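Visitor: sharing a sequence plus its predicted fold:
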Amino acid sequence: MEKALKAFLTAHNQIFPKTHNLERLVTLCQNIDKEFVGLQPAARTLNPYATQFRYPGGPLAPEISDAQEALRLAGDIVRFVANRLFPCEPD
């Protein structure tokens, strides 16, 4: 999801900071497309997964139910961004 958000920014020639902060990346995308505001709750929920579980010294793994919800939210973000980058053309 982080890479999807960064891809959206790159596609719109927007410079972004070196960060794993999903909320910050969504805000930057929101400056281009206001519809990204709907991703803020998912980004807030997923932010710990972008940092805490990435580096040594943090928790080893989330609870299974939390991980399943995180996967669902991550998929939602990736699909949203993909639809913005590659909108379906009407038949």
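Guide: Sure thing, it's come through.

Visitor: okay, now Lys3: neighbour count?
Guide: For Lys3, the neighbour count with other CB atoms under 10 Å is 11. For every residue, glycine as well, the C-beta is placed using N, CA and C.

Visitor: next: the one 5 residues further on.
Guide: The local packing count at Phe8 equals 23, with neighbours defined by other CB under 10 Å.

Visitor: for it, what is the enclosing helix or strand?
Guide: Using DSSP states H and E, Phe8 sits in helix 2-11.

Visitor: output the contacting helices and strands for that helix.
Guide: helix 22-30, helix 64-85 (3 or more CB pairs under 8 Å, 6 or more residues apart in numbering; DSSP states H and E).

Visitor: Phe16 contacts Phe8, correct?
Guide: No. The pair Phe16 and Phe8 fails to qualify as a contact (CB atoms under 8 Å) at a distance of 9.7 Å.

Visitor: then the lowest-mean-pLDDT helix or strand in the chain to PDB, C-alphas only?
Guide: Every helix and strand in the chain was compared by mean pLDDT, DSSP states H and E; the lowest is helix 40-51, with a mean of 91. The C-alpha coordinates for helix 40-51 follow below in PDB (Å, rounded to 0.1, in the frame of the first residue of the first chain):
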ATOM      1  CA  GLN A  40      -7.400   8.100   6.200                       C
ATOM      2  CA  PRO A  41      -9.000   5.700   8.600                       C
ATOM      3  CA  ALA A  42      -7.400   2.700   6.900                       C
ATOM      4  CA  ALA A  43      -4.000   4.500   6.800                       C
ATOM      5  CA  ARG A  44      -4.300   5.300  10.500                       C
ATOM      6  CA  THR A  45      -5.100   1.600  11.300                       C
ATOM      7  CA  LEU A  46      -2.300   0.400   9.000                       C
ATOM      8  CA  ASN A  47       0.400   2.800  10.100                       C
ATOM      9  CA  PRO A  48       1.800   0.600  12.900                       C
ATOM     10  CA  TYR A  49       2.200  -2.200  10.300                       C
ATOM     11  CA  ALA A  50       4.400   0.100   8.200                       C
ATOM     12  CA  THR A  51       6.800   0.600  11.100                       C
END
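
Visitor: perfect, that will be all.
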